[in-house]
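[1] okay, here's the prediction I keep looking at, along with the sequence it came from:
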Amino acid sequence: EPEVTQTPSHQVTQMGQEVILRCVPISNHLYFYWYRQILGQKVEFLVSFYNNEISEKSEIFDDQFSVERPDGSNFTLKIRSTKLEDSAMYFCASSAAGGSYNSPLHFGNGTRLTVT
Amino acid sequence: GDSVTQMEGPVTLSEEAFLTINCTYTATGYPSLFWYVQYPGEGLQLLLKATKADDKGSNKGFEATYRKETTSFHLEKGSVQVSDSAVYFCALNSNSGYALNFGKGTSLLVTP
């Protein structure tokens, strides 16, 4: 069964450094998402992406964050200058159609980001 | 704003016991409701969903009924197995956007 893959599984970075989290969505999916889960807290929506532009974003997704689909297969999340509070598990997801009521989201296994 | 509240874990059950994980929600309008499951070392997977009041979602022996009057979507299974050990997330989508609004997750451990 096709799956969403995320790399790396664990990333350690120093405060103030830029980090790029990488995701390969399912190949025929058109909608892409990033979520994060700070330890002990809820899974939180960050951003959705369709047709090479952001379709929706949360308050968390400020100017420090950006997303890109640099080629036909990858979908990346960049954090420009990491803060301690960015430490979390970051999940990428994709879906065939927009809106989770239409089409289920398929999630990757996550990248654990640790900012020191 | 929209929110989901689910029971605190961890929940520990013996094999073949009955499972209930409570989930209540706050939302305007008529959201769609979901249960996702995360097995150890894996990503979140859709377990079941319901898109309107009184709908029952079911999958792999799990069931949940969309109760508008009590704003609830409790997850149940009649007889759990060790392989059901995982973290279960209740979530809603307001149907006006793309975002899923998740609860904190409930960890379930089933012992032989």
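    Received, thanks.
[2] for stretch A:70-85, buried residues please.
    By neighbour count, with 16 or more other CB atoms under 10 Å in any protein chain shown as the criterion, the buried positions of stretch A:70-85 are A:75, A:77, A:79, A:82. Quick note: C-beta positions are derived from backbone N, CA and C, even for glycine.
[3] close to chain B: what parts of chain A are there?
    Proximity of chain A to chain B is confined to A:3-4, A:31, A:33, A:35, A:40-45, A:48, A:55-56, A:58, A:91, A:93, A:98-101, A:104-110 under the rule CB under 8 Å from any CB of the partner chain.
[4] nearest spatial neighbour of B:Pro31, skipping sequence neighbours?
    Residue nearest to B:Pro31 in three dimensions, not counting chain neighbours: B:Leu92, with 4.3 Å by CB to CB, 6 or more residues apart in numbering or on different chains.
[5] hang on, isn't the one you found packed against B:Gly29?
    No - under the criterion of CB atoms under 8 Å, B:Leu92 lies out of contact with B:Gly29, with a separation of 10.5 Å.
[6] pick out whichever of these two has more residues nearby.
    With other CB atoms under 10 Å in any protein chain shown as the criterion, B:Leu92 and B:Gly29 differ in neighbour count, and B:Leu92 comes out ahead with 24 against 8.
[7] what residues does the more buried one make contact with?
    For B:Leu92, the residues meeting the contact criterion (CB atoms under 8 Å, 6 or more residues apart in numbering or on different chains) are B:2, B:4, B:25, B:27, B:31-34, B:100-101.
[8] just those now: which is nearest chain A?
    Distance ranking of the contacts of B:Leu92 against chain A, using CB to the nearest CB, places B:Ser32 first at 3.9 Å.
[9] and for the nearest residue to A:Ser27 once chain neighbours are set aside, the neighbour number?
    For A:Ser27, ignoring the flanking residues on the chain, the nearest one in space by CB to CB, 6+ apart is A:Pro2 at 6.7 Å. Counted with other CB under 10 Å, residues neighbouring A:Pro2 total 11.
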